[in-house]
Every structure is written in structure tokens, then in C-alpha cells.
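Chemist: Below: sequence and its predicted model.
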Amino acid sequence: MKTAILLPIFILFFQSGKVSAQNMGIFDGTTAIGNPKIKGTATFDTENQTYTLSGAGTNMWFGQDEFQYLWTTLQGDFILRATVHFIGKGKDPHRKAGWIVRNNLDANSKHVNASTHGDGLTSLQYRASLGGLTEEVKSANTSPTIIQLERRGTTYIMSTAVVGEEFTQVELTDMDMDNEVYVGLYICSHNPSVLESATFSNVRIIKPVDPEFTPYRDYIGSNLEVMDVETGHREILYQSAHSIQAPNWTPDGKRLIYNSKGHLYNYDLATHGITPLNTGFAVNNNNDHVLTFDGSLLGISNHNQEDNRTSALYYLPSEGDSLPKMVTKPGVGASYFHGWSPDNKKMLFTGNRNGAYNIFSVDLKSGKETQLTDLPTLDDGP
């Protein structure tokens, strides 16, 4: 699948034993764990999809913790990921923030947490028994901005990195916790008289696929997202239980055109409205649709019902509402469209010809094909 690059509730608020209605994004509540001297806060900016936590707390070590927690509950395996930034220089170099997994909301709960400290220390901390001493697995990484914590059974994997760099991993094995746990973001000031703050963006809670998952047969839903390529900030525009494929920008930057279940749709970025793009009889499109450089034409690969559902190339005006014109001839083999020549006169595609997939161009008017590669391997995605 291709990704667009700019490069999307019932919620509870829990604090000091009281529950009130607040918008906490994907989380259920916020709690001051361990009754710190100064109570913290958690807010969610719906426009920027960013969380801000402020919290105090003596420490998250030894046999008890004090910190501010923004949590939800999960069962089974999961992957937690966020971009984390402390706000300000901070009072104590041991202030810490990150992800934490706990059996309960008690101060002495068993836990695993992926933490970054104010002085750059990065570690996978854990309490293996109720009220037991906290231990840690230190990472070679320092001052990361991306923190990921994954649970696979009794194994916990922390992956950290600065945006644009490779992940550094550390692992904790044989850590037995409840199947249903609390998971969430946290901040601890390491000073009972000081509030520290951090922002958490690109926050994702991911449930891994079933071990029997088969790509292109089983679908687990999609997020339609845009990403600012300079900052790395991502925004979820739309979430669907269906597979969303190959969002394409229109040249004016006002719409995305994407495929779902063989149909094409417009996503209007100003109104967040979704409307079908009328492609006539072509309702078995695969994910490889592409606009011409000027945005006037839309090329598609549609599975032709009259040619044993073999994929063929077509094009139509990008606004739809016109019958697609076939470009590749029936009976020649499967053709999967990938790109246009800048003058709109040729389409580039991966074609199955004579038992091998190679790269071809085809002239829109004549339908004449030109083979561009001749290799025994699969040549794809020109």
C-alpha cells in the first residue's frame, strides 16, 4: 500500500478516586498514582492529537511509585508508541516520562515501564513482585524522542530512537503480569515539590495481528493519516474497519483519493467529508491508482470481469463521472498500473507477459506496449 505524505468517544477522567467526563483521546482516565504532594493533570488537544501531562512525585523506584498516569486497559499482546518531549529545562535531571504497564493503580503494583530521563538516561524499568524493588535494563540510546513498548506474552521489548534514526532495542523476558493490564503514558518529576510537564504526540496503541493472519486475505482495518515530513507529526484523518489503500494527493492539496474494497473515494481535507468517486463499471480496482502530474487524469487497474478477472489498465477524468477507457488489451496478461509519463501520453505498469512480471510502458492512444525490463525476478512499482 502507498501512504500519503504531508510529509486522525466515550471517555472517563479519573483523579483522586473521582471520575468525571473529560476528553482523554484514546485513554480512559488520568490518575495521580501514590498520592503525590502535588496533583498533576492530563489534557488532550483534539486538533493536534497531542497529549500534555504534568506531574510531580518523589520517585518511581524501590517498592512504591508516585507519578501522573494517563491510562486505559488492554488484554493480551500490544505495541505502544509515542513521540515524547519534555517541556522546559526541568528541575531534576532524573525526571522521567514514557509508557508504563501496570497490574493495577496501586502505588506498589507490578509494572514495566519504558522511560526517558531528563539527563538522557533511557531504560526499561520493572517491578517483578508486588511491593518489590524496582530494577532496570539500561539502553545504549540516550535522549530519544520516540519510545515504543511491546508486549509478547511474558517478554517486553523497548525500542527507542531520535526521529529519523534507527531504533535501539532492549528486552525483558519472563516478566509475568496479568493478561488484563493498565497501559498508558506517565510523567514523574522526581521532586515532590515540583511539577514537570511533557507532550506526547503520534500516540498509537496497536494490537498485533493474529499468528494465522494472511496478508491480502485478512484485513484488520486502516488509519488514513497525513504526516508533516519536516516535524514527523502525524494526524489521523479517518479510521475504518476496512482496508484503505493508496491515498493520492490531488495537485491542489484539497483532496485525497483512496481505494477501499475495490471502489475509489474522495476525502475532502477541509470538510472531512467522504464521497464516492464514480468510476462506472470499474468497481474491482486494486490499490494502484495514480493521478497524472497535472491532476487531470486518473489511471486505475481494474479486474476485468470479461477477461477472467485479470487486472487491466484504464484511465478516466480525475473527477470521475465518465466511463474508464481500457488501455491494455484483453488476453495479454495481468497488468498493474503504477505511474504516468509527464506528458500524459504513456502509462507505466508491471505486466505478466510470457510467465514473468516485468516493467512496461503503454501508449494511451495506440495501446502499443514497450518492455522496459527483462529479468526473472518480480519487477514492481515503477
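Modeler: Looks like it came in fine.

Chemist: Can you give me the neighbour number for residue 161?
Modeler: 16 (other Cβ atoms under 10 Å). C-beta: built from backbone N, CA, C; applies to glycine.

Chemist: repeat for residue 322
Modeler: Count around residue 322 with other Cβ under 10 Å applied: 14.

Chemist: For it, identify the helix or strand it belongs to.
Modeler: Using DSSP states H and E, residue 322 is not contained in any helix or strand.

Chemist: Quick one: residues contacting it.
Modeler: Residue 322 is in contact with 280, 316, counting by Cβ atoms under 8 Å, 6 or more residues apart in numbering.

Chemist: The one 4 residues further on now?
Modeler: The contact partners of residue 326, by Cβ under 8 Å, 6+ apart, come to 304, 312-314.

Chemist: what do you get for residue 296?
Modeler: 317-318, 344 are the contacts of residue 296 under Cβ under 8 Å, 6+ apart.

Chemist: How is this protein divided into domains?
Modeler: 13-206, 278-371 (automatic domain parsing).

Chemist: Any idea which of these gets closest to residue 381?
Modeler: domain 278-371 (5.6 Å; Cβ to Cβ).

Chemist: Could you give the separation between the terminal residues of that closest one?
Modeler: 32 Å (Cα to Cα, to the nearest Å).

Chemist: ok now it, how far from the chain's centre?
Modeler: Remark: domain 278-371 is offset 30 Å from the chain centroid, using Cα atoms, centre = their mean, to the nearest Å.

Chemist: residues in contact with stretch 251-271?
Modeler: By Cβ under 8 Å, 6+ apart, stretch 251-271 touches 4, 224, 237-238, 240, 242-250, 273-277, 279, 283-287, 289, 291, 293-295, 298, 300, 303, 318, 320.

Chemist: any weak-confidence spans in this protein?
Modeler: Applying pLDDT under 70 to the chain flags residues 1-22.

Chemist: switch the cut-off to 90
Modeler: 1-23, 164, 209-211, 215-220, 230-231, 287-288, 320-322, 376-377, 381-382 (pLDDT under 90).

Chemist: Now do the helices in it.
Modeler: Under the criterion DSSP state H, the chain contains no helices.

Chemist: center of it, which residue is that?
Modeler: residue 204 (6.4 Å; Cα atoms, centre = their mean).

Chemist: and the domains of the chain as CSV, adding distance to residue 380?
Modeler: Formatted as CSV, those follow (distance: least, Cβ to Cβ, whole Å):
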stretch, distance to residue 380
domain 13-206, 26
domain 278-371, 5
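
Chemist: Which one of the ones you listed lies nearest to residue 377?
Modeler: The nearest among the domains of the chain, by Cβ to Cβ, is domain 278-371 at 8.3 Å.

Chemist: got the contact list for residue 209?
Modeler: By Cβ under 8 Å, 6+ apart, the neighbours of residue 209 are 218, 220.

Chemist: Is it correct that residue 67 is in contact with residue 61?
Modeler: No - the criterion here is Cβ atoms under 8 Å, and residue 67 misses it with residue 61 at 10.8 Å.

Chemist: Looking at the two now, which is surrounded by more residues?
Modeler: Taking neighbours as other Cβ under 10 Å, residue 67 and residue 61 compare with residue 67 leading, 28 against 17.

Chemist: measure residue 137 to residue 107 for me?
Modeler: 22 Å (Cβ to Cβ, to the nearest Å).

Chemist: more neighbours, the two?
Modeler: residue 107 (17 against 14).

Chemist: Tell me the spacing between the more buried one and residue 130.
Modeler: Counting by Cβ to Cβ, the gap between residue 107 and residue 130 amounts to 11 Å.

Chemist: With residue 240 instead?
Modeler: For residue 240, the distance to residue 130 (Cβ to Cβ) stands at 42 Å.

Chemist: what do you get for residue 84?
Modeler: 28 Å.

Chemist: related to what we said a few turns ago, skipping adjacent residues, who's closest to the residue nearest to the centre of the chain in space?
Modeler: The spatially closest residue to residue 204, leaving aside those adjacent along the chain, is residue 81, at 4.8 Å (Cβ to Cβ, 6 or more residues apart in numbering).
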